[in-house]
Each structure stands twice: as structure tokens, then as C-alpha cells.
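Student: Quick one, fold the following:
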Amino acid sequence: MAAAHGDLRHLLPGNYKRHITAWLEEDCPSLDYGGFVVGESEGEARLLGKSQGIVAGVPFFDEVFTQLGCTTEWHIREGEAITPIQHCATVRGPIRQILLGERVALNILARCSGIASKSATMLSALRAEGWQGILAGTRKTTPGFRLVEKYGMLAGGADPHRHDLSSMTMLKDNHVWACANKQLGTGVEESIAGAIPRAVAAAKATGGFSTKVEVECRSVEEADAAIEAGADVIMLDNFTGEGVRAAARELKGRWGSKKAFLIEVSGGLTEENAAAHVCEDVDILSTSSIHQGTGIVDFSLKVSLR
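Tutor: Predicted coordinates:
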């Protein structure tokens with residue numbers, strides 16, 4: 001569990017609070033009719049976990065109610081598994097304010113916890129197969145909600161992968177294809193494998209020593225070209241299970257003593273088929289299945305007057 005590595009809230013940038021403000025404004029852009037009915041009575045609400053899973057997203061939940069003048073007391077730790085029906089936290093403050101933040105806070109917590117739970121389940125399944133590599137998410141995240149989704153991956157023990165286009169240079173097939181086709185105007189027809197060295201060189205020249213370069217490869221030939229050019233990570237994309245095991249073994253055997261690189265496997269991987277695509281020569285398995293289209297962990301708030 002990520003909780004073993006410390007409090008994840010210390011990773012958050014200061015601007016995450018602006019997201020919370022915007023989400024509260026989205027949910028109540030004008031008049032709060034229900035709040036008028038409730039008034040300013042003080043009270044509290046119990047946060048109940050209604051389904052099994054891992055709790056994640058605590059800082060975002062807390063910030064919702066902080067901005068509304070309420071306090072939250074947690075009775076469990078982030079990253080901890082819950083079972084229904086479990087009293088997870090208590091929110092105190094004006095009832096109107098608690099209800100104003102209720103849906104925003106629950107939506108964030110449910111989604112983040114769902115991603116953490118899926119990440120933990122898939123990682124556990126891979127560990128049970130004896131694989132000790134890195135399970136990572138992808139950049140296929142929801143616009144405006146990426147920070148929460150990446151946080152959920154971390155809380156579930158997965159690697160968040162790159163957070164944005166500036167985090168690492170990933171040369172996908174379209175990048176290399178475009179680089180190869182630059183040469184068509186010169187009358188020189190270039191293969192993808194032939195263009196990879198130029199693409200890697202350009203990426204390294206601009207990204208500098210601190211920015212890793214990853215290259216998406218569809219064949220061993222392309223992977224050889226990327227490794228020789230100095231790529232830091234080789235992504236074997238959309239290989240079969242048998243194909244990726246053979247390719248990873250061949251590449252590590254040929255280059256392992258000469259070049260430092262990691263092998264990442266990606267493309268259509270799920271909890272059901274992931275184990276067939278990993279072996280000791282595979283360092284990273286990346287998949288959007290731990291955060292895209294995952295279920296939620298269900299929570300509710302039950303209000304009572306003091």
C-alpha cells in the first residue's frame with residue numbers, strides 16, 4: 001500500500017485547491033434552494049463506506065469541507081481497506097455547508113477509491129504470479145480530473161507513469177512516422193526503424209540529460225534501433241503474450257550488458273490477461289484498465305444534528 005511510503009498529501013501542488021473551488025462552483029453556480037430549507041443549524045455527518053475497497057482521495061475530500069468552513073475527523077487511514085457498512089469519517093459544521101459539499105466530496109472519494117482498489121487488485125494478482133516489476137497507469141485520464149486519478153493509482157500501489165507531456169518524452173508511432181515522412185520531400189523514403197535514431201537524438205537534444213526518452217516499438221527491429229540510439233525505455237506495444245516474452249528475452253540478451261534501458265509492455269492489458277505478458281525481462285507493465293472505466297467504492301453521508 002502507498003500508505004507505507006508516507007502521507008501522499010505531501011505530493012500535492014498548491015493549485016489542487018483551485019480544482020476543488022471550481023468543482024464546488026460547478027455544483028452550485030447560483031442559488032442553493034435546499035440550503036435555504038436547512039438553514040444554519042450546526043451538526044455532523046457520518047461518512048459510511050457502503051462497498052468493499054480501498055479508501056483514497058482523503059486530501060481532496062478534506063479540502064471540499066475546509067473551503068465550506070467544516071472539519072473532518074477520519075477514523076481510518078488512507079490506503080486502508082474497508083468493508084460495508086463502515087464508519088470512515090465524521091464531518092462537522094453547519095448542516096447547510098455539509099450538504100453543499102456532500103456530492104462533490106463523495107464523487108471525488110468514490111472515483112479515487114475505485115482507482116486505488118483496481119490498482120491494488122491488479123498489482124496483487126501480478127505479485128501472486130511472481131512478477132516483481134512496476135505496474136503503471138497511463139495518460140488516458142479525464143481532463144480536469146487527472147490529479148485525482150493519478151493520486152488514486154499511487155494510493156493503490158501502482159506507478160502513475162508520466163503526468164503530462166512535459167514529464168517524459170514518449171515517442172509514439174505517430175511521432176516517429178511523422179519524423180520519417182519529413183524525409184519524403186528530399187526523395188528519401190525512410191522506414192520507421194530508420195527514423196527512430198533521428199527522433200531519439202532530437203528528443204535528447206531538447207529534453208536534456210534529466211528527461212528520459214521512451215520509444216513505442218512494434219517490432220524487435222524498431223526496439224533494436226531505439227536501444228542503439230540511446231532510448232531509456234522501450235515500449236513493446238500490442239505484442240502477444242508469447243511475442244513479448246520472446247522479444248524481451250532477446251533484447252535483454254543482446255543489449256543488457258551494453259546499454260541501460262527498461263522494457264515496458266503496453267496495449268490492451270487487463271487484470272485477466274496481464275500475467276501472460278510479463279516475465280523477468282519485463283520491467284514495466286502499463287495499462288489504462290486500472291483507471292479508465294473502473295468501478296467506484298460507494299460512500300454516503302448521513303447527517304445528524306448535535
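Student: just the CA coordinates of the lowest-mean-pLDDT helix or strand in the chain, formatted as PDB?
Tutor: Lowest by mean pLDDT, DSSP states H and E among the helices and strands of the chain is helix 173-181, with a mean of 85. Taking only C-alpha atoms (Å, rounded to 0.1, in the frame of the first residue of the first chain), the coordinates of helix 173-181 have been written out as PDB:
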ATOM      1  CA  ASP A 173       4.300   5.600 -33.600                       C
ATOM      2  CA  ASN A 174       2.800   8.800 -34.900                       C
ATOM      3  CA  HIS A 175       5.800  10.900 -33.800                       C
ATOM      4  CA  VAL A 176       8.300   8.500 -35.500                       C
ATOM      5  CA  TRP A 177       6.100   8.200 -38.600                       C
ATOM      6  CA  ALA A 178       5.900  12.000 -38.900                       C
ATOM      7  CA  CYS A 179       9.700  12.200 -38.400                       C
ATOM      8  CA  ALA A 180      10.200   9.600 -41.200                       C
ATOM      9  CA  ASN A 181       7.900  11.400 -43.600                       C
END
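Student: who does it touch, helix- and strand-wise?
Tutor: Secondary-structure packing of helix 173-181 (3 or more CB pairs under 8 Å, 6 or more residues apart in numbering; DSSP states H and E): helix 192-207, strand 213-217. Where you see a C-beta, it was placed from the backbone N, CA and C, and this is true even at glycine.
Student: Can you add mean pLDDT and mean neighbour count and give these back as TSV?
Tutor: Output for the helices and strands packed on helix 173-181, formatted as TSV (pLDDT from 0 to 100; neighbours: other CB atoms under 10 Å):
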stretch	mean pLDDT	mean neighbour count
helix 192-207	92	18
strand 213-217	97	26
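Student: which one is Arg218 nearest to, not counting chain neighbours?
Tutor: Distance criterion CB to CB, 6 or more residues apart in numbering; nearest residue to Arg218, sequence neighbours excluded, is Asp237 at 6.0 Å.
Student: Contact partners for the one you found?
Tutor: 173, 216-218, 266-267 (CB atoms under 8 Å, 6 or more residues apart in numbering).
Student: ok, and for stretch 156-167, which residues are buried?
Tutor: 156-162 (16 or more other CB atoms under 10 Å).
Student: From one end of it to the other, what's the distance?
Tutor: With CA to CA, to the nearest Å as the measure, stretch 156-167 spans 21 Å from end to end.
Student: per-residue pLDDT, Ala246?
Tutor: The model reports Ala246 with a pLDDT of 97.
Student: Distance of it relative to His277?
Tutor: To His277, Ala246 is 12 Å away according to CB to CB, to the nearest Å.
Student: What of Gly295?
Tutor: In terms of CB to CB, Gly295 sits 23 Å off from His277.
Student: Those two: which is more packed in?
Tutor: Taking neighbours as other CB atoms under 10 Å, Gly295 and His277 compare with His277 leading, 24 against 14.
Student: Dump the C-alpha coordinates for stretch 267-287 into PDB.
Tutor: Extracted in PDB, the C-alpha atoms of stretch 267-287 (Å, rounded to 0.1, in the frame of the first residue of the first chain):
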ATOM      1  CA  GLY A 267      -1.600  -2.400 -25.300                       C
ATOM      2  CA  GLY A 268      -4.900  -3.900 -24.300                       C
ATOM      3  CA  LEU A 269      -3.700  -5.200 -20.900                       C
ATOM      4  CA  THR A 270      -6.300  -6.100 -18.300                       C
ATOM      5  CA  GLU A 271      -6.400  -8.000 -15.000                       C
ATOM      6  CA  GLU A 272      -7.400 -11.100 -16.900                       C
ATOM      7  CA  ASN A 273      -4.500 -11.200 -19.500                       C
ATOM      8  CA  ALA A 274      -1.700  -9.200 -17.900                       C
ATOM      9  CA  ALA A 275       0.100 -12.200 -16.300                       C
ATOM     10  CA  ALA A 276       0.600 -13.700 -19.800                       C
ATOM     11  CA  HIS A 277       2.600 -10.600 -20.900                       C
ATOM     12  CA  VAL A 278       5.100 -10.500 -18.100                       C
ATOM     13  CA  CYS A 279       8.400 -12.300 -17.300                       C
ATOM     14  CA  GLU A 280      11.600 -11.400 -15.600                       C
ATOM     15  CA  ASP A 281      12.800  -9.500 -18.600                       C
ATOM     16  CA  VAL A 282       9.800  -7.100 -18.500                       C
ATOM     17  CA  ASP A 283      10.300  -4.200 -16.200                       C
ATOM     18  CA  ILE A 284       7.100  -2.200 -16.500                       C
ATOM     19  CA  LEU A 285       3.500  -3.100 -17.400                       C
ATOM     20  CA  SER A 286       1.400  -0.100 -18.300                       C
ATOM     21  CA  THR A 287      -2.400  -0.200 -18.600                       C
END
